[in-house]
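> coords please:
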Amino acid sequence: MTDHPEHDPATTVAIGFRDELLGKGWPDARRVAELAGLSPEQEDTAYAIQARATGALLGVWSAPQHRFIYPDFQFNRSGTLRKDVAELLAVLPANKDDRGGWRRAFWLYSSHALLDGQTPADVFANAPIRVIKVAREEFLGDPETSW
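This is a model prediction of the structure:
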């Protein structure tokens, strides 16, 4: 067994999953601002950066693009930021070692037993409160979320 993380099977799987998620074509800060209806004259990237900094928007670091991109579960069909995103993000662990946002993204885009095998990202569109309750149960041990 080697000490190099690139040869660790779990790391290889995580990299593959990250690359699969990167392939979804999530919007960057400029596109998020367009979806929010900001005019081109405004500082368009500041909107997403500020929303990410305040916990209202999850961004994940895309090394190939050299910028943060924003997972699509956070937006409705018209591109508007869903109102319950900040509440969900407040529950998900935001560790110092996850500055790139990938641990949260992996949780959101992985099937979950408490969501009947669906991903939290898929369920969030129609049942955001259900996803928030599952996150509270998993990460906070919240007794109010008993099923």
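
> nearest residue to Pro128 other than its sequence neighbours?
Distance criterion C-beta to C-beta, 6 or more residues apart in numbering; nearest residue to Pro128, sequence neighbours excluded, is Asp84 at 3.8 Å. Heads up, the C-betas are built off the backbone N, CA and C, glycines and all.

> and if you look at Asp98?
Among residues not flanking Asp98 along the chain, Arg104 sits closest, at 6.8 Å (C-beta to C-beta, 6+ apart).

> now for the helix or strand encompassing the one you found, which elements pack on it?
Arg104 is located in helix 102-108, with elements delineated by DSSP states H and E. Packing partners of helix 102-108 (3 or more C-beta pairs under 8 Å, 6 or more residues apart in numbering; DSSP states H and E): helix 9-22, strand 60-62, helix 120-124.

> quick one: closest of the ones you listed to Asp97.
strand 60-62 (12.8 Å; C-beta to C-beta).

> next SSE after the closest one?
Per DSSP H and E, the first helix or strand lying C-terminal to strand 60-62 is strand 67-69.
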